[in-house]
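Visitor: Need a 3D model of the sequence below.
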Amino acid sequence: MGRTETTMRAAIVLIAALFLAACAGKTTVKSNLHIKGAPSWVNKGTNTLNDKNGRLFHGVGIAPDIGDISLQKDTADNRARAEVARILSSYMEVVSKDYSTASDVDGQRISEQEVSREINNVTRTNLSGAKIIGRWRHKKNKTMYSLAELDVRHVKQTVKTFRDMNDGLRDYIEQNADVVFDKFSEQSR
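Guide: Now for the predicted structure:
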């Protein structure tokens, strides 16, 4: 593995970790599961959202009553973060495909395998830094729900700080993160 590959891999892994450490405000989500008495984000589930608070990845984790509320909370939180990791991985695959297409046109293409490896590394990274912004416990069945959130604007801010990242990839993410998010969000519905 070359120095450029290693540097780019490290940069993307660091970007993913920083994104998930970011904090965002509470967001209202429309309900569609109709769990009586549950917050709207429980009913909506894992999704993407573009509203006044930003372009957001929401992951909802669920844990059944396991007799220890602290362990139950940690389990729901970890599952919410895993949901953010799953949806972020799918988003990054769209970024990868779009970047490969754009770089082919510009003649500054890095190998598709190189970009794919970076995306796979992001997927495998422990994304425990995702901000938990809500929890709810069902009164009757004691199921715990947690909501993790990641904002795309942090992606763009963090990418700007990496000097060892491939310039074309860094510029592409900075300039197109919102457009790719909107495309991804529309395709996910």
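Visitor: Need phi/psi at W136.
Guide: Backbone torsions for W136, taken as degrees, to the nearest 10, come to phi -150, psi 140.
Visitor: Quick check: bridge partners of it?
Guide: Taking DSSP bridges, one finds Y145 as the beta-bridge partners of W136.
Visitor: now it: how far from G45?
Guide: With distances taken as Cβ to Cβ, to the nearest Å, W136 is found 13 Å from G45. Glycine gets a C-beta too; all of them are placed from N, C-alpha and C.
Visitor: And for A177?
Guide: When Cβ to Cβ is applied, the distance between A177 and G45 equals 24 Å.
Visitor: again, but for S103
Guide: From S103 over to G45 the distance is 35 Å, taken as Cβ to Cβ.
Visitor: swap in G134?
Guide: Between G134 and G45 the distance is 13 Å, computed by Cβ to Cβ.
Visitor: Over to K140?
Guide: 20 Å.
Visitor: Looking at the two, which one has more neighbours?
Guide: Between K140 and G45, counting by other Cβ atoms under 10 Å, G45 is the more crowded of the two (16 against 7).
Visitor: nearest residue to the more buried one other than its sequence neighbours?
Guide: Excluding its sequence neighbours, the residue lying closest to G45 (Cβ to Cβ, 6 or more residues apart in numbering) is V60, at 5.1 Å.
Visitor: And for that neighbour, the neighbour number?
Guide: Here the neighbour count serves as a burial measure; for V60 (other Cβ under 10 Å) it reads 23.
Visitor: Check which helices and strands the helix ranked longest in the chain is in contact with.
Guide: When the chain is parsed with DSSP state H, its longest helix is helix 69-106. Other elements packing on helix 69-106 under the criterion 3 or more Cβ pairs under 8 Å, 6 or more residues apart in numbering; DSSP states H and E are helix 3-21, strand 47-51, strand 54-63, helix 112-124, strand 131-137, strand 144-151, helix 167-188.
Visitor: what's I69 in contact with, if anything?
Guide: In this structure, I69 makes contact with M144, judged by Cβ atoms under 8 Å, 6 or more residues apart in numbering.
Visitor: which residues does the residue nearest to G45 contact?
Guide: Contacts for V60 were tallied using Cβ under 8 Å, 6+ apart; they are 41-42, 44-46, 80, 83, 145-148.
Visitor: redo that, cut-off 7 Å
Guide: By Cβ atoms under 7 Å, 6 or more residues apart in numbering, the contact list for V60 reads 41-42, 45-46, 80, 83, 145, 147.
Visitor: Just the buried ones from those?
Guide: For the contacts of V60, a neighbour count by 16 or more other Cβ atoms under 10 Å gives the buried set as 41-42, 45-46, 80, 83, 145, 147.
Visitor: what about E174, distance to T75?
Guide: Taking Cβ to Cβ as the measure, E174 falls 36 Å from T75.
Visitor: Compare neighbour counts for these two and give me the winner.
Guide: Set side by side, E174 and T75 give different neighbour counts by other Cβ under 10 Å, the larger being at T75 (18 against 14).
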